[in-house]
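Asks: here is the input, now give the coordinates:
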Amino acid sequence: MPTKPKDETAGIEPNEKAQSQMVEMLRKVMLATIGAAVLAQEEIETLINRLIERGEIAEKDGKKLMHEMMDKRRSRTEKVEDEINKNIMDVLERMNIPTRTDIDSLSQKINGLSKKIDDLKKT
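Replies: Model prediction:
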């Protein structure tokens, strides 16, 4: 008798399920972005190499053009990454999800309170 595939999110609360789906979606978007950037770089290199082979531009100019294009792509990528990070933080804030800093801060406070309780027990 065939068995149904397990639903990996069956025991997860709705908020956690939404978070998990959001993280997976963001992962896919990041992978697609990286793939597109790699393809674009390969296409630029191919185009410049063709221009050099045809003699339409000098090899020195081709290398210079390649460096300029790479610098522009790098700066655009950094801007996109910053924007994505900002958007992720906005989404997490709207979902009222604590950040790593929030959790670390609470952990330090709990440790401090635990030490005070231990000291009070001793006296």
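
Asks: relative to Arg94, how far out is the residue nearest the centre of the chain?
Replies: In the chain, the residue lying closest to the centroid (C-alpha atoms, centre = their mean) is Met30, at 5.8 Å. According to C-beta to C-beta, to the nearest Å, Met30 and Arg94 sit 20 Å apart. Placement of C-beta: from N, CA and C, glycine included.

Asks: quick one: low-confidence ranges for this protein?
Replies: 1-16, 18-19 (pLDDT under 70).

Asks: quick one: the helices in it?
Replies: Using DSSP state H, the helices assigned to the chain run over residues 14-54, 59-94, 100-122.

Asks: show me the contacts for the residue nearest to the centre of the chain.
Replies: Residues counted as contacts of Met30 (C-beta atoms under 8 Å, 6 or more residues apart in numbering) are Ile84.

Asks: try 10 Å this time
Replies: Glu81, Ile84 (C-beta atoms under 10 Å, 6 or more residues apart in numbering).

Asks: the one 10 residues further on too?
Replies: Neighbouring residues of Ala40 by C-beta under 10 Å, 6+ apart: Met69, Arg73.

Asks: Val91 versus that one, what's the distance?
Replies: Distance, Ala40 to Val91, by C-beta to C-beta: 27 Å.

Asks: ok, Lys116 next?
Replies: 37 Å.

Asks: neighbour count: these two, which is higher?
Replies: Using other C-beta atoms under 10 Å as the criterion, Lys116 and Val91 rank with Val91 on top: 13 against 10.
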